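[1] Starting from these lines, generate the structure:
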Amino acid sequence: MDIGKPSAKGEWQYVVYTQDGTYGRLYLNGKLVAFNNDMFTMSRTFPGEETPVYNWMGRAPFPGDSFLAGTLLSDVRVYTEALSDREVRTLTNKVLREDLTAHDFLYCGESHDRKIFKVADGRIVWRYDNPAGRGELSDTILLDDGHILIADQFGAAELDADGRELWRIPAPEGTEIHTLQPIGTKYILYILQDLPVAKVIVRRLSDMKVVRQFDVPVNPDALMHFQFRCARLTRRGTLLIAHMGDGGITEWDDRGRMLAKWDIPGPWGVCELDNGDILAVSNRNYVRQFRRDGTVVWEQDLARYGCTIPQKAYRLKNGNTVVTNWFSEWDEVAVGSFDRSAPPVQVVEIDPEGRLVWQMASWEEMGPATTFQPLDEPVVRSACFFGRFK
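    Here you go, the predicted structure:
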């Protein structure tokens, strides 16, 4: 049985063959790619043999059939009965989507549990947990000194490499903080969500004095909680803000002047790419790369990858794009219908052609996804500046 084309080289493929009587089915990465209604049964594979002595894994029974020379095998399983289509899909999802070896990364999400994870070599190697805290971890940033900045709705803080808080800025009663940025080693920038206007605030870390502040307009009809989730400094020293509650992405200078605005409904995440383009994620379930003149360079409908509530996107060094997909623990209907055998995807990696390269759904310890950051790409504090503030 074959699928009519060669296997991809240099990539792991999950292959399942199942046979019920004479009916054989071949699956590749969970998809049925070939079947045959007239397969030999094992006891009759080679006449005269009572046992299937020519059935090997990783090699062919005859030299002329050595199509898999040099192939690596991993996680080999043999079952005593033929698996159904659903069982194959469930097994594939579990094996492929729980694979953590694709990247070494920082991970966390908006959840009842305020947890942060570092994953390396396919396993969790560091974790932060704040069970006594309040709020949700909306923004988490790994810095080049090993520290981590967090915005957890009710404030902003900096953690050292051991997870100890070095400082904390509490959000005043009735306000929230969901995103922040470092400015060198001397300042911190964050957005204070409030009504009737929000505020961009820059504080000096040595004495926590506010050294710059300006108003940012918000949608008066939207709840304060849903105003913003992401703001990012650019290489030109300006600030990009995703207006989730108002629609659109804006760019500001340090004097509080709006330099540009792009109409994108429901933007959750935003960042500037190395070439100056802007990468944005909308809660309308798409990711978009566009130039500053508004020209769309690249866009993908994230529903095709199993995403429902995408939050942030990251452009990797290899040119692929990683998108995090959130699951609401506050949605009682969604929580009640959560299927552990086929859980929602947490992270997807897409190549420039829109092909799915990797997906993750590892729910045993890690919850909903908001932040994904490669461990070898920490934010360099000294490179972050906002106009005159460096």
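[2] Excluding chain neighbours, what is closest to residue 141?
    Nearest non-adjacent residue to residue 141, counting by CB to CB, 6 or more residues apart in numbering: residue 149, 4.4 Å away. In short, each C-beta sits where N, CA and C put it, glycine included.
[3] what number of residues lie near the one you found?
    21 (other CB atoms under 10 Å).
[4] name the helices or strands packed onto the strand or helix carrying it?
    Per DSSP states H and E: residue 149 is located in strand 148-151. Here strand 148-151 touches strand 139-142, strand 155-159, strand 176-183, going by 3 or more CB pairs under 8 Å, 6 or more residues apart in numbering; DSSP states H and E.
[5] Of all the ones you listed, which one comes closest to residue 350?
    Across those, residue 350 has its closest neighbour in strand 139-142 (21.9 Å, CB to CB).
[6] Can you spell out which helices and strands pack onto that closest one?
    Secondary-structure packing of strand 139-142 (3+ CB pairs under 8 Å, 6+ apart): strand 105-108, strand 148-151, strand 176-183, strand 371-374.
[7] Throw the ones you listed into JSON lines and include distance to residue 17 and mean pLDDT, thanks.
    JSON lines is the format used below for these (distance: least, CB to CB, whole Å; pLDDT from 0 to 100):
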{"stretch": "strand 105-108", "distance to residue 17": "33", "mean pLDDT": "98"}
{"stretch": "strand 148-151", "distance to residue 17": "45", "mean pLDDT": "98"}
{"stretch": "strand 176-183", "distance to residue 17": "49", "mean pLDDT": "98"}
{"stretch": "strand 371-374", "distance to residue 17": "34", "mean pLDDT": "97"}
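[8] still on that earlier bit, JSON lines for the helices and strands packed on strand 148-151, including distance to residue 249?
    Formatted as JSON lines, these follow (distance: least, CB to CB, whole Å):
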{"stretch": "strand 139-142", "distance to residue 249": "16"}
{"stretch": "strand 155-159", "distance to residue 249": "22"}
{"stretch": "strand 176-183", "distance to residue 249": "13"}
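[9] Check those strands for me and report the most buried one.
    strand 176-183 (a mean of 24; mean count of other CB atoms under 10 Å).
[10] so where's the chain shaky on pLDDT?
    Residues of the chain meeting the criterion pLDDT under 70: 1-2, 8-11, 42-61, 65-69, 90, 93-98.
[11] okay, now the domains of it?
    Using automatic domain parsing, the domain parsing of the chain gives 15-96, 105-383.
[12] that's a helix at residue 225, yeah?
    Yes. Under DSSP: H, G, I helix; E, B strand; the rest coil, residue 225 falls within a helix.
[13] And it, how far from residue 190?
    16 Å (CB to CB, to the nearest Å).
[14] before we move on, the earlier item: now render the domains of the chain as CSV, adding distance to residue 3.
    Shown next, in CSV, are those (distance: least, CB to CB, whole Å):
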stretch, distance to residue 3
domain 15-96, 4
domain 105-383, 17
